[in-house]
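Visitor: sequence and predicted model, in that order:
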Amino acid sequence: MDSSILLDLVKVRMYFGKYKGRLLCDLPVSYLEWFAAKGWPPGKLGQQLATIYEIKLNGLEDLLKPLRRG
C-alpha cells in the first residue's frame with residue numbers, strides 16, 4: 001500500500017460542501033455514509049473519502065494518529 005494515501009487523509013482538506021475546510025480524517029461518519037449511499041465523487045477525492053470511510057467503519061482510526069503528529 002502506498003503510504004501517501006494515508007498521509008493525504010490527515011493533510012488534505014475538504015474543498016467543497018458543508019464541511020469545506022475540514023481535514024478528510026475529521027469528516028463525520030454520517031457525511032461519509034451519505035457519500036457511500038449517493039456515490040463517491042470521481043477521481044482522487046472519491047478514493048480518499050472511500051478510504052477514510054472504510055477506516056472509520058472498521059475502527060482503524062488509530063492508524064492515522066502517528067501521521068497526524070508528523
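Guide: On my side now, so go ahead. Quantities reported herein were computed from a predicted structural model and do not represent experimental measurements.
Visitor: do a quick rundown of the helices in the chain.
Guide: Using DSSP state H, the helices of the chain run over 3-11, 29-38, 43-57, 65-69.
Visitor: so which of these comes closest to residue 20?
Guide: For the helices of the chain, proximity to residue 20 was assessed by Cβ to Cβ; helix 29-38 is nearest, at 11.5 Å. Every residue, glycine included, has its C-beta placed from N, CA and C.
Visitor: for that closest one, name the packing helices and strands.
Guide: With contacts taken as 3 or more Cβ pairs under 8 Å, 6 or more residues apart in numbering; DSSP states H and E, helix 29-38 sits against helix 43-57.
Visitor: pLDDT weak spots in this structure?
Guide: Where the chain drops to pLDDT under 70, the residues are 1-2, 70.
Visitor: surely residue 63 is in contact with residue 7?
Guide: No. Counting by Cβ atoms under 8 Å, residue 63 does not reach residue 7; the two are 11.5 Å apart.
Visitor: settle it for me: which of those two has more neighbours?
Guide: residue 7 (14 against 11; other Cβ atoms under 10 Å).
Visitor: what count of nearby residues applies to the closest residue to that one other than its chain neighbours?
Guide: Excluding the flanking residues, the one nearest residue 7 by Cβ to Cβ, 6 or more residues apart in numbering is residue 67, at 5.8 Å. Neighbour count of residue 67, defined by other Cβ under 10 Å: 15.
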